[in-house]
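Engineer: Requesting a structural model of the entry that follows:
(chains A and B)
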Amino acid sequence: QKEVEQDPGPLSVPEGAIVSLNCTYSNSAFQYFMWYRQYSRKGPELLMYTYSSGNKEDGRFTAQVDKSSKYISLFIRDSQPSDSATYLCALGYSSASKIIFGSGTRLSIRP
Amino acid sequence: EPEVTQTPSHQVTQMGQEVILRCVPISNHLYFYWYRQILGQKVEFLVSFYNNEISEKSEIFDDQFSVERPDGSNFTLKIRSTKLEDSAMYFCASTLLRDTNEQFFGPGTRLTVL
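Structural biologist: The predicted structure follows:
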């Protein structure tokens, strides 16, 4: 079983839609949960960072962590064409430890 | 806003040659990392570095790889004898504190081994 699983997509939605991106993981020892955005041939850009369970909101982005189900989500409200990118979930076991990345979901927002 | 920088943006080398990839982490950060991403694949951890020592390394990070912080600002990754399969994007990352895992990534160096 893979440590982190993420649907690669591609996912295409119309502008203004709510987007839901998800990852599942197998090891309950993960404590740090991140979402990164990556444009083609660029470095990952940190979008959301959560420690332990719960929700976190930042502007149009909401991250959810459900440790009981080993499931994390990123919601994007009022999606814009500029949100078109690959979204990577990333998990860490402990502080300052290595990050384990999902394979990324390619998202396209249609104008 | 402070950011991680990396040079060069693209490096082309012949198989068997040594390459050094350079990174300048965010200035007050204490933990440094190298990751790589082979085209079309996941971002993979290579090595972490703290207090002038390797903290953790993956099985990819064999004797052909080394890291160094030669001065107060630069953080380098050296590949001694490059192989075709080393062709990838190499990302440097840094984080400030021990009690966090917010890692900030640089733009990457694209390494092409011919």
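
Engineer: so where's chain B uncertain?
Structural biologist: B:98 (pLDDT under 70).

Engineer: which stretches of it form strands?
Structural biologist: B:5-7, B:10-13, B:19-24, B:31-37, B:43-50, B:53-57, B:65-68, B:75-79, B:88-95, B:104-105, B:109-113 (DSSP state E).

Engineer: name the helices or strands packed onto the shortest one?
Structural biologist: For strand B:104-105, the elements it packs on are strand A:45-51, strand B:88-95, judged by 3 or more CB pairs under 8 Å, 6 or more residues apart in numbering or on different chains; DSSP states H and E. Glycine gets a C-beta too; all of them are placed from N, C-alpha and C.

Engineer: Repeat the analysis, applying 10 Å as the threshold.
Structural biologist: Helices and strands touching strand B:104-105, by 3 or more CB pairs under 10 Å, 6 or more residues apart in numbering or on different chains; DSSP states H and E, are strand A:45-51, strand B:31-37, strand B:88-95.

Engineer: Could you export those strands to JSON lines, including columns for mean neighbour count and distance to residue B:11?
Structural biologist: Compiled in JSON lines, the helices and strands packed on strand B:104-105 are given as follows (neighbours: other CB atoms under 10 Å in any protein chain shown; distance: least, CB to CB, whole Å):
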{"stretch": "strand A:45-51", "mean neighbour count": "17", "distance to residue B:11": "22"}
{"stretch": "strand B:31-37", "mean neighbour count": "25", "distance to residue B:11": "13"}
{"stretch": "strand B:88-95", "mean neighbour count": "24", "distance to residue B:11": "9"}
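
Engineer: Show me the one of those that comes nearest residue A:66.
Structural biologist: strand A:45-51 (11.1 Å; CB to CB).

Engineer: what's the residue closest to the geometric middle of chain B?
Structural biologist: residue B:34 (3.2 Å; CA atoms, centre = their mean).

Engineer: quick one: that one and residue B:91 touch, right?
Structural biologist: Yes: with contacts counted by CB atoms under 10 Å, residue B:34 reaches residue B:91, the gap being 7.2 Å.

Engineer: which residues do these two both contact?
Structural biologist: Each of B:21, B:23, B:44, B:46, B:106 lies in contact with both residue B:34 and residue B:91 under the rule CB atoms under 10 Å, 6 or more residues apart in numbering or on different chains.

Engineer: ok, which pair from those is furthest apart?
Structural biologist: For the shared contacts of residue B:34 and residue B:91, and using CB to CB, no pair is farther apart than B:23 and B:44, which are 16.7 Å apart.
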